[in-house]
Structure formats: structure tokens, C-alpha cells
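S.K.: quick one: sequence plus predicted model below, questions after.
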Amino acid sequence: MELDLEGKHADRAYAILASLVTPRPIAWVTTLGPDGVVNAAPFSFFNVLGADPPIVGFCPGDRDDGTPKDTARNVRLTHEFVVNLVDESVAEAMNMTAATLPYGESEIVRAGLTTLPSSVVKPPRIAEAPASLECTEWGTLQIGGNRLIIGLVKRVHVRDELFDEETMRIRSERYQVVGRMASPHWYCHTTDLFEMKRPE
């Protein structure tokens with residue numbers, strides 16, 4: 001089966017790609033509005049893009065009327081955001097923050113979450129998240145109807161039990177993140193791990 005995403009199947013590109021390129025990590029992004037209200041929203045078009053310098057990228061879409069979503073609007077105004085990562089303990093709360101609320105109404109309050117101050121950016125991080133990445137905007141690329149926000153990671157906060165200070169690595173066996181699967185409602189657990197050593 002060959003699918004033509006430039007022609008016959010162009011209107012199915014999202015459904016096809018979002019179902020094939022899985023599992024995807026979830027960026028649970030917190031930003032600050034000009035009124036100081038904390039916005040939180042999840043994005044599964046997200047990943048780490050490099051380590052020197054450390055960068056991440058995520059793609060907030062537009063609302064149905066074509067206006068930017070609150071996250072994109074806030075990043076454009078402040079050039080700062082925090083990517084909070086999502087494990088099984090906060091999956092339901094993350095899903096609650098996906099609801100469309102009027103601009104200026106905080107998803108944090110609606111989902112019953114709490115925040116902690118960040119170290120070097122103004123948007124706070126989500127206290128319940130297993131890890132948070134404080135970011136400043138490196139730049140935003142507009143490619144057709146896609147908006148890719150690239151952030152420089154300035155600080156990482158991680159639960160103590162997830163970090164091995166001897167090896168300076170995350171303890172993968174304790175880090176039970178959830179991944180995004182096919183749209184519209186599928187997710188996965190990441191507890192069934194296996195190891196393959198890279199050949200010399």
C-alpha cells in the first residue's frame with residue numbers, strides 16, 4: 001500500500017503519521033500569559049533534538065479558527081517555557097489539561113495540580129511531574145501549517161529516586177513514562193523494557 005500525502009491522501013496525513021510514528025513522548029508545556037496566568041497543555045509532536053547545545057522541539061497547532069493556541073502565543077510573547085514530562089502517576093491530569101479553555105483560564109487549577117518555581121525561567125514547573133526541562137526559545141519555524149518551537153534546555157529537574165548520582169544517568173527501570181500512540185485516544189505504558197547492546 002502506497003499512500004500519497006501530497007495528493008490523494010493529503011487530508012489523512014495527521015491520522016496516518018500520528019498512528020505510525022509511535023510511541024511519542026509527551027511535552028506537557030507550562031507557559032505564562034501576559035496576565036501572569038499559568039497555562040499547561042500537552043503536545044505529542046515533541047522530542048529531544050540534540051545535546052550540544054541541549055535542545056527540544058514541539059509543535060503546537062492552531063485553534064479551529066486559525067489563531068495560535070495559548071502555548072504558542074505565550075512563547076511568542078515571553079520566549080520561555082517548561083517541558084514537564086508525563087509518567088503514569090500524572091497521565092489523567094495531563095489528559096485533563098488537553099481541554100480547550102478560554103484564554104487566561106488556567107488548566108493547572110482545573111486539573112488540581114500544583115506548581116513549583118523554576119530556577120532560570122519565569123514559567124513554573126508542574127510539581128507532580130517526574131521531570132521538568134526549563135527552556136528558552138531558540139526560535140520558531142513555520143513550515144506550511146506547522147509551527148516548530150525549538151527550545152534551549154537550561155535546567156533539568158528530576159525526582160531524586162530517578163537519578164543515579166554515581167553513573168549520572170536516569171534510572172530507566174524506575175521511570176515509567178507514558179507514550180502517545182494512535183490518534184485520537186491511544187496511549188501506551190513503557191514498563192515492558194528490553195535491552196539490545198550496540199555492536200562494537
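M.R.: Sure, I can see it. These numbers were taken from a predicted model, which means no experiment stands behind them. Numbering: from 1, shown residues only.
S.K.: so where do the strands sit in the chain?
M.R.: Counting by DSSP state E, one finds strands in the chain at the ranges 27-32, 38-43, 46-51, 54-58, 80-84, 115-116, 125-126, 131-143, 146-158, 163-164, 169-170, 178-180, 187-189.
S.K.: which secondary structure elements does the fifth one sit against?
M.R.: This points to strand 80-84. If you count contacts as 3 or more Cβ pairs under 8 Å, 6 or more residues apart in numbering; DSSP states H and E, strand 80-84 packs onto strand 27-32, helix 70-78, strand 125-126, strand 131-143, strand 146-158. (Each C-beta comes from the backbone N, C-alpha and C, glycine too.)
S.K.: before we move on, back to that, relative to T97, which of the strands of the chain is closest?
M.R.: strand 38-43 (4.6 Å; Cβ to Cβ).
S.K.: quick one: strands adjacent to that closest one?
M.R.: With DSSP bridges as the test, strand 38-43 is paired with strand 27-32 (antiparallel).
S.K.: which non-adjacent residue is nearest the residue most central in space within the chain?
M.R.: Geometric centre of the chain, nearest residue: A27, 0.9 Å, by Cα atoms, centre = their mean. Spatial nearest neighbour of A27, excluding adjacent residues (Cβ to Cβ, 6 or more residues apart in numbering): F46 at 3.7 Å.
S.K.: correct me, but the one you found touches T71?
M.R.: No: contact between F46 and T71 fails when scored by Cβ atoms under 8 Å: they sit 11.5 Å apart.
S.K.: so for stretch 171-178, mean pLDDT?
M.R.: For stretch 171-178, mean pLDDT is 93.
S.K.: no wait, stretch 6-21
M.R.: For stretch 6-21, mean pLDDT rounds to 94.
S.K.: any idea how far apart the tips of that stretch sit?
M.R.: In stretch 6-21, first residue to last residue: 18 Å (Cα to Cα, to the nearest Å).
S.K.: got the buried residues for that stretch?
M.R.: For stretch 6-21, the neighbour count (16 or more other Cβ atoms under 10 Å) marks A18 as buried.
S.K.: circling back to that earlier point, and the residue nearest to the centre of the chain, how far from N84?
M.R.: Noted for A27: a distance of 8 Å to N84, by Cβ to Cβ, to the nearest Å.
S.K.: cool, and A111?
M.R.: Applying Cβ to Cβ, the value for A111 to N84 is 12 Å.
S.K.: same check on A40?
M.R.: For A40, the distance to N84 equals 8 Å [Cβ to Cβ].
S.K.: overlap in contacts, the two.
M.R.: Counting by Cβ atoms under 8 Å, 6 or more residues apart in numbering, the common neighbours of A40 and N84 are W28, V29, T30, I126.
S.K.: ok, those residues vs P54, which is closest?
M.R.: Minimum distance to P54 across these is 16.4 Å, recorded for V29 (Cβ to Cβ).
S.K.: what would the helices and strands packed on strand 80-84 look like in TSV with mean pLDDT and distance to A91?
M.R.: Converted to TSV, the helices and strands packed on strand 80-84 look like this (pLDDT from 0 to 100; distance: least, Cβ to Cβ, whole Å):
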stretch	mean pLDDT	distance to A91
strand 27-32	98	10
helix 70-78	95	19
strand 125-126	98	13
strand 131-143	97	15
strand 146-158	97	18
